[in-house]
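A.B. asks: I need the structure of the sequence given here:
(chains A and B)
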Amino acid sequence: ETGVTQTPRHLVMGMTNKKSLKCEQHLGHNAMYWYKQSAKKPLELMFVYSLEERVENNSVPSRFSPECPNSSHLFLHLHTLQPEDSALYLCASSRALAGGRETQYFGPGTRLLVL
Amino acid sequence: AQTVTQSQPEMSVQEAETVTLSCTYDTSESDYYLFWYKQPPSRQMILVIRQEAYKQQNATENRFSVNFQKAAKSFSLKISDSQLGDAAMYFCAYKNQGGKLIFGQGTELSVKP
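C.D. replies: Numbering: from 1, shown residues only, chains lettered A, B, ... in the order given. Next up, the predicted model:
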């Protein structure tokens, strides 16, 4: 499935930098998600948006700030990150949020390294 | 809270052979969905197969099939006629009625030529 794109694919940033991750889906979906994938750990759900409204924030530190300007785009704004925030950040989308039958389609991820 | 456990961090299979990846989950819900995702070195998470808990019939997608044992809360993935391109991390995932997807720790599958 290539309907979800993420940029940049790789990002190196210092702890004082501000950067943004971008996700775009071309599938006509209404729900979008941010996940964090750290080494040796299961994927962690960070944020969920449905029809541009945030519906879930899984106790994510405020140095991560999501933005969903429309149903096709999702951003993750980063500022004053810590080295332990280094991970693969995956974006996903699904046709709808409600109900379990909706399959999530993932983007290729952004590999983030915080120095 | 629901949990998903993959007890095999690594598995290996000979090309053209069959391999089974294990997954167990814990839930008090009666209606839910289960997924297997594949993550190759490119890191793109790709859906392999999906199972609805209310269906007794095991899902099948070409060389991929599942053994869904609802009472035992077990959801294993069988890959037949393994190919080199099957080498990847495989994640089992549970989706509750609220739409939240919960992943296991993953199993890294290597395929030997």
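A.B. asks: so where's chain A shaky on pLDDT?
C.D. replies: A:1-2, A:98-101 (pLDDT under 70).
A.B. asks: OK, now which residue of it is nearest to chain B?
C.D. replies: Closest contact between chain A and chain B, by Cβ to the nearest Cβ, is at residue A:106 (3.6 Å). In short, each C-beta sits where N, CA and C put it, glycine included.
A.B. asks: surely that residue meets residue A:4?
C.D. replies: Yes: counting by Cβ atoms under 8 Å, residue A:106 touches residue A:4, with 6.2 Å between them.
A.B. asks: returning to what we had before: what is the burial count for the residue of chain A closest to chain B?
C.D. replies: The local packing of residue A:106 (other Cβ atoms under 10 Å in any protein chain shown) involves 24 other residues.
A.B. asks: so it bridges to which residues?
C.D. replies: Beta-bridge partners recorded for residue A:106 (DSSP bridges): residue A:92.
A.B. asks: before we move on, the earlier item: now do the shared contacts for residue A:106 and residue A:4.
C.D. replies: Shared contacts of residue A:106 and residue A:4 (Cβ atoms under 8 Å, 6 or more residues apart in numbering or on different chains): A:91-92.
A.B. asks: Can you name the residues of chain B sitting close to chain A?
C.D. replies: Residues of chain B lying close to chain A by Cβ under 8 Å from any Cβ of the partner chain are B:4, B:31-33, B:35, B:37, B:42-47, B:50, B:52, B:91, B:95-97, B:99-106.
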